[in-house]
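>>> Generate a structure from the sequence data that follows.
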Amino acid sequence: MTSVKPRDPHVLVLFGRVFGQVRDTFADEEWNGLRQSHLRLIDLVLDEGISVTDLARRVGMSKQACGQFVTHLVEQGLLRVEPDPDDRRVRRVHRTPLGERTLAAANERIGRIEAGWADQVGPDRYRTFRAVLEELALGAR
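Numbers count the residues shown, from 1 in each chain. Prediction:
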């Protein structure tokens with residue numbers, strides 16, 4: 001019998017485990033049925049509002065799927081949609097006061113998660129990790 005050396009988990013497995021930790025943390029708390037994908041969409045709405053088309057591009061989903069998310073979040077009272085004053089055919093998405101409070105609570109919770117990671121690996125290593133992650137996610141500067 002030959003022994004097979006187990007492979008180190010590749011980066012997608014590692015990211016999946018980290019995302020799973022975050023998902024589980026949020027699932028253990030009351031977010032009124034909101035998922036991380038909802039919170040990400042709310043976060044990407046610009047303070048001055050944004051068209052559904054531009055929001056879909058920022059989120060990386062189709063306009064139709066983004067529109068469904070927006071409709072759901074409007075029904076939840078987290079977003080509002082109104083016609084663009086310059087082009088009545090365009091719908092502009094804005095956060096509501098409840099959306100702002102929900103986003104602030106989510107960002108505070110994410111901050112606590114990041115603080116826990118910094119405690120786990122040390123603040124210097126976490127700062128380096130965060131800088132590298134930003135560079136990978138946002139591109140070389």
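>>> count of neighbours near residue 38?
As a burial measure, residue 38 scores 20 neighbours (other CB atoms under 10 Å). The way it works is simple: take the backbone N, C-alpha and C, and place the C-beta from them, glycine included.
>>> And for residue 99?
Look at residue 99: counted by other CB under 10 Å, it has 21 neighbours.
>>> okay but it is in contact with residue 74, surely?
No: taking contacts as CB atoms under 8 Å, residue 99 lies outside contact range of residue 74: 9.7 Å.
>>> residues near residue 56, how many?
Using other CB under 10 Å, the number of residues around residue 56 comes to 21.
>>> how close does it get to residue 78?
17 Å (CB to CB, to the nearest Å).
>>> now residue 72
9 Å.
>>> Touching both of those two, which residues are there?
Contact criterion CB atoms under 8 Å, 6 or more residues apart in numbering; residues shared by residue 72 and residue 78: residue 38.
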